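Novice: What would the 3D arrangement of this be:
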Amino acid sequence: MAASDDAPLQTLFLPFSNGSLRWPEGPVAFLRARDGWPLRENAQGRTVVAEQSFAPFAQALQGAGLQVQPQLDDAALRGTFPLVLVLPPRQREEARALFARALALVAPGGRVVACQSNNEGARSGEGDLKQLAGLGGSLTKNHCRAYWTAPLEGQHDADLAARWAALDAVRPIMGGRFLSRPGVFAWNRIDPASALLAEHLPADLAGRAADLGAGYGYLSRELLERCPKITALDLYEAEHRALALAELNLAPPPRALPLRFLWRDVTAGVEPGYDVIVSNPPFHTPAREDRPDIGQRFIAVAAQALRPGGRLYVVANRHLPYEQILNDSFGAVRVVAERDGFKLIEAVRGKGR
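Specialist: Have a look, this model is predicted:
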């Protein structure tokens, strides 16, 4: 999301620019932070501690000179911040848990200020924060809603906060085979596109492998269980919350081999020298903006990372325009299977590429 188009980020800071709220003395926490000129203007000369678990957004924040962590240490920072800013996610359980965390981080007399776009749950978010801690005010602009608490002196619903904090806990899914949590992709199920890919993995796949956009580790585990000749596996995932789950879900792996869990933006490139790559690439941003170019970039990166003769198995919605980049980047391309609106493609890197 370009900073100039980030309406929730712009609207989040309007209460400060229009005089409804004053920026406090002391450090400020910003949960699900994103970079952009409104943040840079307000953070100038101030201490803003940013939490962002999505690698591209975290890198942009670091480039702006901000302190950024994928996960703040809530216990160490409890009651530290006179202001906690929040850009809540769309997933409601995750958002409620985030509000509970914000209340734990805020100092006595401090405020929580949040903002969402109207089509990403703004009204529900405002209602949730009101239920949890009461509201001091709100405003609407740019098809978004900013809302905030009154100065907090422990008057929030502590029992409700404890229940909401637990909504984001890691938990078993699929009969206990995997661990997951709200907010990650297909968090409580096996994505049907990934299942299609897993079912058609050839047992003869061998050598060094990578999973691009590994999520909570489903495809990686299937690859290791179905393909005994895989000798090493790297998991690339931009969402740190998902990558931490993948580490849990491959501990231990089906057999002993080198594993690496890499918090990376795949579109920026990956290491070379793979024999096998599997991928169910994303085709939208965390803000649900439709972006088929992300999947196209995954395919181009995979082509660059594979050795000559290396194989890519990529699955996608049937309508997505991946054929041209596949044909331009690989020596041989074929559709292996189609089901439920998804297509599984095998692409082999040509010997001369």
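
Novice: Give me the below-cutoff pLDDT ranges for the stretch 201-350 of the chain.
Specialist: Counting by pLDDT under 70, the stretch 201-350 of the chain contains low-confidence ranges at 284-290.

Novice: Strands along that one, start to end?
Specialist: 206-212, 229-237, 259-263, 274-279, 306-317, 332-339, 342-348 (DSSP state E, counting those that start in this stretch).

Novice: Off-centre distance for the first one?
Specialist: Think strand 206-212. Computed by CA atoms, centre = their mean, to the nearest Å, the separation of strand 206-212 from the middle of its chain amounts to 22 Å.

Novice: Over to the last one?
Specialist: In terms of CA atoms, centre = their mean, the centre of strand 342-348 is found 25 Å from the chain centre.

Novice: Please enumerate residues in contact with that strand?
Specialist: For strand 342-348, contacts defined as CB atoms under 8 Å, 6 or more residues apart in numbering pick out 192-193, 196-197, 200, 299, 302-303, 309-318, 322, 326, 329-338. Any C-beta I mention is one placed from the backbone N, CA and C, and that applies to glycine too.

Novice: ok so, going back, how about the strands of the stretch 201-350 of the chain, which one is nearest Gly154?
Specialist: Gly154 lies closest, by CB to CB, to one member of those: strand 259-263, at 36.2 Å.

Novice: Point out the most buried one among the strands of the stretch 201-350 of the chain.
Specialist: strand 274-279 (a mean of 24; mean count of other CB atoms under 10 Å).

Novice: what residues are up against Leu14?
Specialist: Here Leu14 is in contact with Ser20, Leu139, Lys141, Ala146 (criterion: CB under 8 Å, 6+ apart).

Novice: Please repeat the previous calculation with a cut-off of 7 Å.
Specialist: Contact partners of Leu14, counting by CB atoms under 7 Å, 6 or more residues apart in numbering, are Leu139, Lys141, Ala146.

Novice: Now do the SS call for the last one.
Specialist: When classified by DSSP: H, G, I helix; E, B strand; the rest coil, Ala146 comes out as strand.

Novice: Contact partners for it?
Specialist: Thr11, Leu12, Leu14, Pro15, Val113, Cys115, Ser138, Leu139.

Novice: So what sits opposite it in the bridge?
Specialist: Cys115, Leu139 (DSSP bridges).

Novice: who's the spatially most central residue of the chain bridged to?
Specialist: With distances taken as CA atoms, centre = their mean, the residue of the chain nearest its centroid is Glu239 (3.6 Å). Here Glu239 sits in beta bridges with Phe54, going by DSSP bridges.

Novice: ok, it to Val28 distance?
Specialist: 24 Å (CB to CB, to the nearest Å).

Novice: pLDDT weak spots in the stretch 1-150 of the chain?
Specialist: If you take pLDDT under 70 as the line, the stretch 1-150 of the chain has these spans: 1-4.

Novice: which stretches of it form strands?
Specialist: 28-31, 48-51, 67-69, 81-86, 106-117, 137-141, 144-148.

Novice: Those strands: which one's closest to Asp157?
Specialist: Of all the strands of the stretch 1-150 of the chain, strand 106-117 comes closest under CB to CB, at 13.5 Å.
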